[in-house]
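Engineer: structure, please.
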Amino acid sequence: MAPGKQLEYLRWQAIQDEVAKEAGVPVPEVYVHLDGDGWDYLVIAPLTTPEQDKKLDEIAARRGLKTGFPAFLEFRQFLARHSDTRAAGPRPPRS
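Structural biologist: So this is what the prediction gives:
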């Protein structure tokens, strides 16, 4: 997180979670880093469909929240650094 932005980010994320719940989209899982490397949070979010994205944007706009590129910029203000990783899983156990 950007210095001093942790609490502001968590409040912002809570609002995003409310939008996701209203849209019927799974809420991202947020993990707090406790020790080691210099990152603060790991967020695991579901990949959404274009239809889900549209519904999320409609709900956010109705609530007076930013969407599209302005929403991206709003999110970025909380971050000192950021990376994305796409992964699949969990993998079924081997028999």
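
Engineer: show the subsequent helix or strand relative to the helix or strand bottoming out on mean pLDDT in the chain.
Structural biologist: Within the chain, no helix or strand scores below strand 41-44, which has a mean of 90 by mean pLDDT, DSSP states H and E. As assigned by DSSP states H and E, the chain's next helix or strand after strand 41-44 is helix 50-62.

Engineer: now the strands for the protein?
Structural biologist: 29-32, 41-44 (DSSP state E).

Engineer: residues in contact with the last one?
Structural biologist: If I follow you right, that is strand 41-44. 1, 9, 13, 28-33 (C-beta atoms under 8 Å, 6 or more residues apart in numbering). No exception for glycine: its C-beta is placed from N, CA and C like everyone else's.

Engineer: can you pick the most crowded of the residues you listed?
Structural biologist: If you count neighbours using other C-beta atoms under 10 Å, the busiest of the contacts of strand 41-44 is residue 9, which has 19 neighbours.

Engineer: quick one: that residue and residue 76 touch, right?
Structural biologist: No - the pair residue 9 / residue 76 is not scored as a contact, 10.9 Å apart, by C-beta atoms under 8 Å.

Engineer: picking up where we left off before, any chance of CSV for the strands of the chain, columns distance to residue 60?
Structural biologist: Converted to CSV, these look like this (distance: least, C-beta to C-beta, whole Å):
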stretch, distance to residue 60
strand 29-32, 18
strand 41-44, 17
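
Engineer: residue 17 is nearest to which of these?
Structural biologist: Each of those has some distance to residue 17 by C-beta to C-beta; the shortest is strand 29-32, at 8.9 Å.

Engineer: not counting sequence-adjacent ones, nearest residue to residue 86?
Structural biologist: Using C-beta to C-beta, 6 or more residues apart in numbering and skipping residues adjacent in sequence, the residue nearest residue 86 is residue 47, 7.5 Å away.
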